[in-house]
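1. curious how this folds, go ahead:
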Amino acid sequence: MATLVTYFSAEGTTAKVAKDYAESINADVFEIVPQEPYTKADINYMNPISRCNREQLGGKDVPVAGSIDNFDKYDTVYIGFPIWYGQAPRVIHTFARGYDWTGKMVHLFATSGGSGIGKTSDKLSPSLKGVLSVDAKLVHNASEI
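-> As a prediction, the model looks like this:
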């Protein structure tokens, strides 16, 4: 079996952590990219009508571009993302619902400019159908995963 590190990164912070960690454990990497990429204005959480706010507060699906080939070969999957409104961005929920997680170990890692990890694991678990176990931690660099 193999290990996969997946990530969504809005501004590059999570990407760096994910790539560094994947390299350190010799894992495959998959970037979670929304079909419609985010602009700087889209992720301005200070604007109540920005795209990220509408998606998070509305619980909207955010379609993902691309998919993981041979997902069945992975028994351990790391999913990285920035914390938005105390949880994973909606694109992570959409991504997670696109796969069968039966028997897989999932480790969530999140980056944040100031928010805590909150109940991220509990909120994302319904989208990870069949997962064997899931845990979550807030990190600042790859060595903390």
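2. make it CA atoms for all contacts and neighbour counts henceforth
-> OK.
3. can I get the helix-or-strand element of the chain with minimal mean pLDDT as PDB, trimmed to CA atoms?
-> Using mean pLDDT, DSSP states H and E, the weakest-scoring helix or strand in the chain turns out to be helix 51-58, at a mean of 77. The C-alpha coordinates for helix 51-58 follow below in PDB (Å, rounded to 0.1, in the frame of the first residue of the first chain):
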ATOM      1  CA  ARG A  51     -16.900  33.900  -2.700                       C
ATOM      2  CA  CYS A  52     -15.200  32.100   0.200                       C
ATOM      3  CA  ASN A  53     -17.800  33.500   2.700                       C
ATOM      4  CA  ARG A  54     -20.800  32.600   0.500                       C
ATOM      5  CA  GLU A  55     -19.500  29.000   0.000                       C
ATOM      6  CA  GLN A  56     -18.600  28.400   3.700                       C
ATOM      7  CA  LEU A  57     -21.800  29.900   5.100                       C
ATOM      8  CA  GLY A  58     -24.000  28.300   2.400                       C
END
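4. helix or strand right after it?
-> strand 64-65 (DSSP states H and E).
5. can you list the strands that the following helix or strand past that following strand pairs with?
-> The C-terminal neighbour of strand 64-65 among helices and strands, as given by DSSP H and E, is strand 74-82. Sheet pairing of strand 74-82 (DSSP bridges) gives strand 2-7 (parallel), strand 105-111 (parallel).
6. so how far is strand 74-82 off the chain centroid?
-> Here strand 74-82 is found 7 Å from its chain centre; the criterion is C-alpha atoms, centre = their mean, to the nearest Å.
7. who touches that strand?
-> 1-10, 14, 18, 88-89, 92, 103-112 (C-alpha atoms under 8 Å, 6 or more residues apart in numbering).
8. circling back to that earlier point, may I see the buried residues of the least confident helix or strand of the chain?
-> Buried residues in helix 51-58, counted by 16 or more other C-alpha atoms under 10 Å: 51-53, 55-56.
9. can you check stretch 97-114 too?
-> For stretch 97-114, burial by neighbour count (16+ other C-alpha under 10 Å) applies to 98-99, 101, 104-112.
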